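In: Sequence first, predicted coordinates after that:
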Amino acid sequence: MLDLQGYGPLLLEGFKLTVLVGVSSMALAILLGMVGAWAKVTQLRAVNWAAGVYTTVVRGVPELVLILLVYYGVPTLIQDAATGLGYDLRVNLNPFASGVLTIGFIYGAFSTEVFRGAYLAVPAGQMEAARACGMPRLMAARRILLPQMWRYAIPGLGNVWMVLIKATALISVIELQELMRASQVAAQATRQPFTFYAAAAGLYLVLTIVSMALQQRLESWANRGVQRA
Amino acid sequence: MDWQIIVDSLPELIGGMWLTIQITALSVAIGLVIAVPLAILRLHPNPAIWMPVYGFIFFFRGTPLLVQLFLIYYGSGQFSDALQQVGLWILFREAYFCGVLTLTLNTAAYTAEILRGAIQGVPKGEVEAARACGMGGRLLYRRIIMPKAFRLAWPAYTNEVIFLLQATSLVSVITLMDITGVASKIAASTFAFYELYLTAAVMYLILVYGLLAVFKRIEYRLSGHLRAAKDTTTDSQQGPALR
């Protein structure tokens, strides 16, 4: 059916890189999401405000613009600043690093909302009871709060992951050889764009289907202590 | 920060903003028209009808928009001869047409899925009551199910429209001069990358939160009958969520 004319391995390499970019950005997004959620629910006004600005701004700007801003804008910003201080500096960002950082940063804002919701869903009495038993704050968070938060957070995080993995295709515009870029290369070399973009679409669909199955298993794991009626 | 470049490129950027708005409005409007029958067919009991619809929805929700855009814009080139014969090539070689087509199909798929959920969320009693009054078929959909479903779907649909507005930035990759396209073009010739992309980001922020305010206002109107005389509850979620 699909004749990939020897470009199959290239696509597979791209596929692997897409998964790698996706997993790395997701890890960063989860980390930022936890910090962001803490920042949103803490008592410190300034921190609340900073977290609010973060989620408001990031969710209002297209991913593509942010990717371009980081990849092209940040080096020139640093260079201009250095010139201002009398240095001559050339900065080039690594596409992988800037891609992961940008995607992680964007979806960190979305997972902030997920974690904030999950935190609010755990009854306050749970934490109070743990503290009353003498658990230090961090231990109580780790033993009592987090395991219960996962239950509420996983559906939302699964959603974030689904959107995130598709957003990684945008990194192809900064020339990282992930799946999208690889299929672009193959499409241009063979002059069969439809074939290769269709192949890429198929591989993304595989990722989506596998992710859906995984999410289901994760959800049942997180709900393992919950009785169903 | 070179303010002069920003000021100089503002007229062109505002031109790009106009294209962004135009593409968003077109895709949202046509997408909605396609999405309504899709959502209804998606719930049809006959698998020969709902399965192809589900396939369409699954494809457009399961692959990146960029892939879909390239598949239609560059991919159609592979069939240029066949398309020329049926006279469609004039359309498919235009980036504008391909951009709007892709965004329309994409948003139709997402909207259909939102509407499906909303149609299923219409209370059974309301449908039963309508049937008991003798309504059926189209009349039932038009008078009872769809109005209720739209009300239920509105918050999710708001998100979808905001998402689409942001997604239009991708058309800059296929040479269209929307906000992102104009910013990229000027940035490449002047090397004022962060100035232009920051300005572009601010323009999107204005559009997104402006649109959000309009949609929230409509939501407020739609739920008028559900509000107590003096209700001060406000939505805690500010800003777009994921679709």
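Out: All right, it came through fine.
In: Could you report the neighbour count for the nearest residue to residue B:190 once chain neighbours are set aside?
Out: The shortest distance from residue B:190 to any non-neighbouring residue, by C-beta to C-beta, 6 or more residues apart in numbering or on different chains, is to residue B:5 (5.8 Å). Every C-beta, even on glycine, is put in place using the N, C-alpha and C of the backbone. Using other C-beta atoms under 10 Å in any protein chain shown, residue B:5 has 17 other residues around it.
In: Could you do residue B:31 as well?
Out: So residue B:31, with other C-beta under 10 Å, has 24 neighbours.
In: any idea what sits nearest it, other than its immediate chain neighbours?
Out: residue B:107 is the one closest to residue B:31 (C-beta to C-beta, 6+ apart), at 3.7 Å.
In: show me what contacts the one you found?
Out: Residue B:107 is in contact with B:27-28, B:31-32, B:35, B:160-161, B:164, counting by C-beta atoms under 8 Å, 6 or more residues apart in numbering or on different chains.
In: and what of residue B:213?
Out: So residue B:213 contacts nothing (C-beta under 8 Å, 6+ apart).
In: The residue nearest to residue B:190 against residue B:195, yeah?
Out: Yes: using C-beta atoms under 8 Å, residue B:5 makes contact with residue B:195 at a distance of 5.4 Å.
In: quick one: low-confidence ranges for chain A?
Out: A:1-2, A:228-229 (pLDDT under 70).
In: Try it again at 50.
Out: Nowhere does chain A drop to pLDDT under 50.
In: Contacts only, for residue B:205.
Out: A:57, A:60-61.
In: Just the buried residues of those.
Out: A:60-61 (16 or more other C-beta atoms under 10 Å in any protein chain shown).
In: Give me the mean pLDDT for the host helix or strand of residue B:19.
Out: Using DSSP states H and E, residue B:19 sits within helix B:3-42. Averaging pLDDT along helix B:3-42 gives 94.
In: now do stretch B:224-231
Out: Here the average pLDDT along stretch B:224-231 is 66.
In: Tell me the spacing between the residue nearest to residue B:31 and chain A.
Out: According to C-beta to the nearest C-beta, to the nearest Å, residue B:107 and chain A sit 15 Å apart.
In: circling back: output the contacts of residue B:205 in TSV, with secondary structure appended to each entry.
Out: Formatted as TSV, the contacts of residue B:205 follow (DSSP: H, G, I helix; E, B strand; the rest coil):
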residue	secondary structure
A:57	helix
A:60	helix
A:61	coil
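In: Which ones among the contacts of residue B:205 also lie next to chain B?
Out: Applying C-beta under 8 Å from any C-beta of the partner chain to these, one finds that A:57, A:60-61 fall near chain B.
In: Spatially nearest residue to residue A:68 (excluding sequence neighbours)?
Out: Residue A:68's closest residue in space is residue B:197 (C-beta to C-beta, 6+ apart), at 5.4 Å.
In: Which strand or helix spans that neighbour?
Out: helix B:193-222.
In: buried sites along that helix?
Out: B:193-201, B:203-204, B:207-209, B:211-212, B:215-216.
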